[in-house]
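1. how does the following fold in three dimensions:
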Amino acid sequence: MNDRYVVIMAGGRGERFWPQSRLKRPKHLLPIVGDSPMLSQTVARLHGLVPPERVFVITNAEQREAVLESCPALLPERVIGEPEGRDTAAAVGLAALLVEEEAGDAAFALLPADHVIEDGEGFRSVLGSAFEAAEGGGNLVTIGIRPTFPSTGYGYLCRGKDLEGAAGRPVSQVERFVEKPNLQKAEEYLDAGNYFWNAGMFVWRPSVILSSIREHAPSLSSGLDELRERWKSHGRLEEAMSSVYPSLDRISIDFAVMEKAEGVVMLESAFDWDDVGEWPAIARHYPSDPEGNVFKGSGVGVDSNGNLAFSEDGHCIALLGVKDLIVVQSGDATLVCHKEHAQQVKDLARRVSEAHPELG
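-> Alright, predicted model coming up:
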């Protein structure tokens with residue numbers, strides 16, 4: 001069996017967690033849930049699955065030094081800084097080139113940096129089976145999370161017929177990918193029983209994913225070929241990326257490949273999972289007071305209920321006569337919004353950054 005690799009995607013700005021998350025201090029470098037940065041938790045979760053020297057991290061060039069400080073177990077040459085973000089399809093292609101260059105067609109898992117998973121043993125067991133499924137043929141393997149509520153914030157996978165299993169776990173065909181639904185559709189998916197949350201975790205061999213990109217996203221494939229050629233001819237990946245990366249198509253891997261490709265299969269998770277995609281998700285991981293208020297940091301609520309308050313450096317947030325608010329104090333900025341508007345925080349963060357670049 002070839003060596004197995006993991007590539008962690010740690011780009012982005014985590015704008016839905018503004019003002020705590022900023023460009024140089026993004027969500028994955030913060031202890032959004034738990035006591036250590038989300039990326040550090042992700043790296044630690046791999047212990048026993050792959051050794052640290054077979055873990056790559058793809059991040060923003062501006063965040064590279066912070067990533068190394070956050071995760072001293074990572075080898076510096078394994079932390080790759082994109083000169084600019086071009087969405088997940090470009091990052092997936094880069095990941096395939098990194099593994100291909102070092103280990104030929106060894107299978108690799110592609111994982112987000114900022115998910116909450118408490119059951120590390122269950123996670124490693126499922127990923128081990130996913131590796132086996134990817135190594136056994138030309139499959140694009142993904143992990144489906146059985147939904148526990150009708151989420152409108154996640155994409156979904158529709159599970160099709162069962163296939164031959166891997167390492168004792170069922171493997172199923174993915175009939176289709178579904179974008180974030182409205183509440184009615186999400187309730188229908190929950191009742192149907194064959195729809196699963198799309199966690200954005202994949203396992204495949206470089207040849208398989210690069211072939212799929214070539215078939216379904218030929219323009220991106222041409223750019224990746226140029227990147228490989230320049231890397232080999234000049235010997236420095238950083239120089240090749242500076243030259244080629246800005247011209248790569250900006251598109252997600254789901255849109256570019258996964259929604260079109262054949263041979264996409266799914267293993268169901270056997271572990272807890274939360275992508276904590278926006279501020280209200282924090283409340284699922286911390287205790288509340290009798291009125292349903294959750295304070296992370298110092299805070300007091302009077303005649304207030306259902307609020308989430310986050311503060312740093314000993315700042316006290318005092319709530320009086322308010323309901324269902326998100327109040328976040330972080331450094332030189334404060335957010336106050338209703339929970340119903342949590343998904344608009346990303347847009348707000350961009351408007352604040354345009355007006356006050358120092359706060360972005």
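
2. domain ranges for the chain?
-> Under the assignment automatic domain parsing, the domains of the chain span 5-268, 279-359.

3. show the end-to-end separation of the longest one, please.
-> When the termini of domain 5-268 are compared using CA to CA, to the nearest Å, they are 21 Å apart.

4. kindly report the same for stretch 132-148.
-> 27 Å.

5. list the buried residues of stretch 43-57.
-> 43, 45, 46, 49, 50, 54, 55, 56, 57 (16 or more other CB atoms under 10 Å). In short, each C-beta sits where N, CA and C put it, glycine included.

6. who touches the first one in this structure?
-> Shown in contact with residue 43 (CB atoms under 8 Å, 6 or more residues apart in numbering): 8, 52, 55, 71, 73, 74.

7. among the residues you listed, name the ones in strands.
-> 8, 55 (DSSP state E).

8. between the contacts of residue 43, which is nearest residue 181?
-> Residue 181 has its nearest neighbour among the contacts of residue 43 in residue 8, at 27.9 Å by CB to CB.

9. isn't residue 94 right up against residue 58?
-> Yes - judged on CB atoms under 8 Å, residue 94 makes contact with residue 58 at a distance of 6.1 Å.

10. which neighbours do these two share?
-> By CB under 8 Å, 6+ apart, the residues touching both residue 94 and residue 58 are 80, 82.

11. burial of residue 111, as a residue count?
-> Residue 111 has 26 neighbours, counted by other CB atoms under 10 Å.

12. repeat that for the one 4 residues further on.
-> Residue crowding around residue 115 was assessed by other CB under 10 Å; the count is 22.

13. that one - nearest residue in space that isn't next to it in sequence?
-> Leaving aside its chain neighbours, residue 115 sits nearest to residue 275 (5.0 Å; criterion: CB to CB, 6 or more residues apart in numbering).

14. surely the one you found and residue 113 touch.
-> No - the criterion here is CB under 8 Å, and residue 275 misses it with residue 113 at 10.7 Å.

15. neighbour count: those two, which is higher?
-> Comparing residue 275 with residue 113 by other CB under 10 Å, the one with more neighbours is residue 113, at 26 against 19.

16. give the contact list for the more buried one.
-> 8, 9, 10, 28, 38, 39, 42, 57.

17. residues in contact with the residue most central in space within the chain?
-> Against the mean C-alpha coordinate of the chain, by CA atoms, centre = their mean, the closest residue is residue 112 at 2.9 Å. When the contact criterion is CB under 8 Å, 6+ apart, the partners of residue 112 are 8, 9, 42, 199, 200, 201, 275.

18. where does pLDDT dip in the stretch 1-150 of the chain?
-> Applying pLDDT under 70 to the stretch 1-150 of the chain flags residues 1-2.

19. returning to what we had before: in a markdown table, list the contacts of residue 43 along with distance to residue 162.
-> As requested, the contacts of residue 43 are arranged in a markdown table below (distance: CB to CB, whole Å):
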| residue | distance to residue 162 |
| --- | --- |
| 8 | 30 |
| 52 | 36 |
| 55 | 32 |
| 71 | 38 |
| 73 | 38 |
| 74 | 38 |
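
20. figure out the helix or strand that the residue nearest to residue 119 when sequence neighbours are not counted lives in.
-> If the residues on either side of it in the chain are set aside, residue 119 comes closest to residue 271, at 4.0 Å by CB to CB, 6+ apart. For residue 271, there is no enclosing helix or strand under DSSP states H and E.

21. distance of residue 271 relative to residue 62?
-> According to CB to CB, to the nearest Å, residue 271 stands 32 Å off from residue 62.

22. mind checking which of the two has more residues around it?
-> Neighbour totals were compared for residue 271 and residue 62, and residue 271 leads with 18 against 15 (other CB under 10 Å).

23. contacting residues for that one?
-> Neighbours of residue 271 in contact, by CB under 8 Å, 6+ apart: 117, 118, 119, 120, 122, 123, 126.
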